[in-house]
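>>> just need the structure, nothing else, for what follows:
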Amino acid sequence: MRLLLPASSLLLFLCLWLPPPAAAQAGVHRCIGQDGTPLFTDQPCAALQATPVQAPPKPGVPGSQQPATSLPPPILCAGTVAELRQSVADAFAARDPNRLAGLMLWGGYGRSAAVSDIRALGVLMQRPLLDFGEETAERPAPGTDPDAWPIPGTEHADRPPPTTEHQLVLHTASDDASGAPRETRFAIVRRSGCLWLRSAD
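Residues are numbered from 1 along each chain as shown. The predicted structure is shown next:
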């Protein structure tokens with residue numbers, strides 16, 4: 001005796017035996033644009049020439065726990081010089097030039113200057129950090145050319161007072177046989193409530 005199933009029952013039976021469809025990729029892609037701005041889009045980040053950012057794991061999803069790392073998470077915004085110094089020390093401990101570059105202000109750099117500075121950071125991170133500290137240095141007032149001022153005693157001889165700049169001075173091992181440490185200076189700049197580094201050269 002043959003058992004005949006209605007077509008709808010047979011279709012339901014086949015659907016239950018099919019493997020479940022793969023989860024579709026999230027509808028929103030989180031990216032960082034070339035200029036550093038966050039982007040949220042329905043297109044893949046690569047289509048916009050942007051860097052993908054991993055979304056935070058959803059609570060309660062099995063297997064979403066992040067593996068424990070030995071390095072502390074980077075400080076995204078240093079509010080004090082001590083936090084900025086710790087972030088620099090963490091970047092050197094990880095030998096991560098991108099982490100150090102993330103502590104810097106890049107506004108006003110041309111593309112070739114930024115690429116050159118990032119390469120220099122890569123070379124800097126290859127050398128061991130010996131010590132670092134904070135110093136102050138006087139700089140000419142913004143927008144002034146010290147060679148363009150008139151001779152003292154003339155009517156326009158008053159120069160604007162120089163500004164005081166706080167700097168973070170790094171001493172790294174030299175890459176030559178001299179044994180003398182190499183010095184690199186970064187200006188410490190307060191912007192948007194955070195402390196940032198800027199090349200002092």
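
>>> which of the residues in the strand or helix carrying Ser112 are buried?
For Ser112, the host element (DSSP states H and E) is helix 111-126. Buried positions in helix 111-126, judged by neighbour count with 16 or more other CB atoms under 10 Å: Asp117, Ile118, Leu121, Leu124, Met125. For every residue, glycine as well, the C-beta is placed using N, CA and C.

>>> residues making contact with it?
Helix 111-126 is contacted from outside by 91-92, 95-97, 100-101, 106, 109, 170, 172, 175, 184, 199, using CB atoms under 8 Å, 6 or more residues apart in numbering.

>>> again, only using 10 Å
34, 91-92, 94-101, 104, 106, 108-110, 170, 172-173, 175, 182, 184, 199, 201 (CB atoms under 10 Å, 6 or more residues apart in numbering).

>>> out of those, which end up buried?
By neighbour count, with 16+ other CB under 10 Å, the contacts of helix 111-126 hold 91-92, 94, 96-97, 99-101, 104, 106, 109, 170, 172, 184, 199 as buried.

>>> need the buried residues of helix 111-126 in TSV (columns: distance to Ala137 and pLDDT).
Shown next, in TSV, are those (distance: CB to CB, whole Å; pLDDT from 0 to 100):
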residue	distance to Ala137	pLDDT
Asp117	19	86
Ile118	24	86
Leu121	21	90
Leu124	20	90
Met125	24	89
